[in-house]
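Asker: Prediction below, plus the sequence it came from.
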Amino acid sequence: MKLLRSILLAGAALVAACGVTGGASADNWPHWRGPHLDGKSAETNLPVEWSRTENVLWRLPLPGPAGATPIVWDDHIFLTSVDDDALILLCVDTRGREQWRRVVGKGNKNVRGDEGNYASPSPVTDGRRVWAFFGQGSLACFDFDGRPVWSKNLQSEYGRFEIQFGLSGTPVLHGDNLYLQLIHGKWGPQTSRGLVVAIDKGSGETVWKSIRATDAVNENKHSYASATLYQDSDRQFLLTHGADYIIAYDLRDGRELWRCGNLNPKSNYNDTLRLVASPVAEPGLIVVPSAKGGPVLGLRPNLQGDVTRDPSAMRWMMQRGTPDVPSPLVHEGLVYLCRENGNLICLDAETGEKIYEQRTHSGRHRASPVYADGHLYLTARNDGTVTVVKTGRDFKIVSKNTMNEAISASPVVADGRIYLRSFDALYAIGRR
């Protein structure tokens, strides 16, 4: 009995240390960047070749275009979308049949032509309930049968969003709270005072809110990135990204722990350098992208105060070549950066040394890379080509799979399948 108890306790400790959504398994994908917010899956035996017909288990037409990545929990697939002016949450089963749809808000807006709309944030789930957020501020909670639990609009509660294209960051679900970064501000030189908020996932009530002050100006006050978590055996904290800084917050009370600039160097300041790509963290390293060909920082996690001018805060810096929209991925000591032009950059995670930079596909890339079973999956926006690249220090393209539909959502890996969300449909890719 003592041995059994020790095994059970060890297993529970491992789940608590690794899971960020309260019970996620390798088979589930409860957040837009997967079970550990890092774009990686433990799934194996996945297809690496497919087309619109080959290895397609099913295709479900969608009511409108959107770039939000779906999430998966057991037999439930959730995704946000638009239906004319309505902002909706869809539930689909893993056979490709719509189970229900709920209108969460109204007032969709298409942004930058064909780039996106207010259904850009992805939903999140803990396996019992699902939360959906939209770019005009609607936030709602439902159970898995589609029954509403609570809803509200964040602009009504926290003030008008002063941002060009609507907030597109996905909430972070951790423990009992949802965490959101609301980084925006009026165009001009005045100090921006965005917010970081923690919301009780069960009631929708505010747990804490913190002012996020910055000296960024003009468009730089606007962030389209998502917050994320840093976790290791000694510490955990929230990472927010935008308005020229990455800033860490205490999860319990919203206290600012540290901040780092250098994302938009004052010596060559660009006042249209809004941040879109989100940071990624693994124990001992935080990889921080910027925008428009700027730097990428490899930060240490054990920081305090403003470390912008402290070189010891960084393990390394890549001076130029950041991805503008796709977020970084770290796997087995290597950092992978997929640039918007399709170039894949591989860095040594310890030193920041560039190992290679190679072209994968010439189209625009908006989706973030996903890792599974020894491969990276990189998705081109215009024709939906997913390039499969073998991981490691030697660059090798394994396959190119073209869907001939626009895709800006990231691939999803769950239960032996790859789910692709195009502007037209949801696909389940798997071995027949």
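Answerer: Sure thing, it's come through.
Asker: count of neighbours near Thr44?
Answerer: Neighbourhood size, Thr44 [other CB atoms under 10 Å]: 10. C-beta: built from backbone N, CA, C; applies to glycine.
Asker: ok, now which ones touch the closest residue to it other than its chain neighbours?
Answerer: Excluding the flanking residues, the one nearest Thr44 by CB to CB, 6 or more residues apart in numbering is Asp373, at 4.6 Å. Neighbour list for Asp373: Ser41, Glu43, Thr44, Asn45, Leu46 [criterion: CB atoms under 8 Å, 6 or more residues apart in numbering].
Asker: Counting neighbours, which of these comes out on top?
Answerer: Neighbour-wise, the contacts of Asp373 (other CB under 10 Å) top out at Ser41, 24 neighbours.
Asker: who are the neighbours in contact with that one?
Answerer: Counted by CB under 8 Å, 6+ apart, Ser41 has contacts Ala26, Trp29, Gly34, Pro35, Val370, Tyr371, Ala372, Asp373, Val413, Ala414.
Asker: and these, which are buried?
Answerer: Ala26, Trp29, Gly34, Pro35, Val370, Tyr371, Ala372, Val413, Ala414 (16 or more other CB atoms under 10 Å).
Asker: Just give me the closest of those to Leu329.
Answerer: Tyr371 (5.9 Å; CB to CB).
Asker: Look at that closest one and report its pLDDT.
Answerer: We note a pLDDT of 98 for Tyr371 in this prediction.
Asker: Now do the SS call for it.
Answerer: strand (DSSP: H, G, I helix; E, B strand; the rest coil).
Asker: What count of nearby residues applies to the residue lying closest to it once chain neighbours are set aside?
Answerer: Nearest in space to Tyr371, with sequence neighbours left out and distances taken as CB to CB, 6+ apart, is Lys40 at 4.4 Å. Applying other CB under 10 Å, we find 22 residues neighbouring Lys40.
Asker: what pairs with Met317 across the strands?
Answerer: Beta-bridge partners recorded for Met317 (DSSP bridges): Leu297.
Asker: Distance check, it against Asp215.
Answerer: 21 Å (CB to CB, to the nearest Å).
Asker: likewise Ala119?
Answerer: In terms of CB to CB, Ala119 sits 32 Å off from Asp215.
Asker: try His174
Answerer: From His174 to Asp215 the distance is 29 Å (CB to CB).
Asker: cool, Ala367 as well?
Answerer: 32 Å.
Asker: The two - which one has more neighbours?
Answerer: Neighbour count, other CB under 10 Å: between Ala367 and Asp215, Ala367 has more, with 25 against 15.
Asker: Who are the contact partners of that one?
Answerer: Contacts of Ala367 (CB under 8 Å, 6+ apart): Thr69, Pro326, Leu378, Thr379, Arg381, Ile407, Ser408, Ala409, Ser410, Pro411.
Asker: circling back: look up phi and psi at the residue nearest to Tyr371.
Answerer: Main-chain dihedrals, Lys40, degrees, to the nearest 10: phi -120, psi 150.
Asker: Thought Gly34 was touching it, still the case?
Answerer: Yes: here Lys40 reaches Gly34: they are 6.0 Å apart, a contact under CB atoms under 8 Å.
Asker: hey, what's in contact with both of those two?
Answerer: Val370.
Asker: hmm, back to that, contacts only, for the residue nearest to Tyr371.
Answerer: Contact partners of Lys40, counting by CB under 8 Å, 6+ apart, are Gly34, Leu329, His331, Val370, Tyr371, Ala372.
Asker: pLDDT value on the first one, please?
Answerer: The one in question is Gly34. Taking Gly34 on its own, its pLDDT is 98.
Asker: before we move on, back to that, farthest-apart pair in the contacts of Lys40, please.
Answerer: With CB to CB as the measure, no two of the contacts of Lys40 lie farther apart than Gly34 and His331, at 12.1 Å.
Asker: Pull the contacting residues for the closest residue to Ser156 other than its chain neighbours.
Answerer: Closest residue to Ser156 apart from its sequence neighbours, by CB to CB, 6+ apart: Gly137 at 7.2 Å. Contact partners of Gly137, counting by CB under 8 Å, 6+ apart, are Gly105, Asn153, Leu154, Gln155, Ser156, Phe161, Leu167.
Asker: again, but for Leu251
Answerer: Counted by CB under 8 Å, 6+ apart, Leu251 has contacts His174, Gly175, Asn177, Tyr179, Ala198, Gln236, Phe237, Leu238.
Asker: The fourth one contacts Asp200, doesn't it?
Answerer: No: between Tyr179 and Asp200 no contact is recorded; they are 11.3 Å apart, counting by CB under 8 Å.
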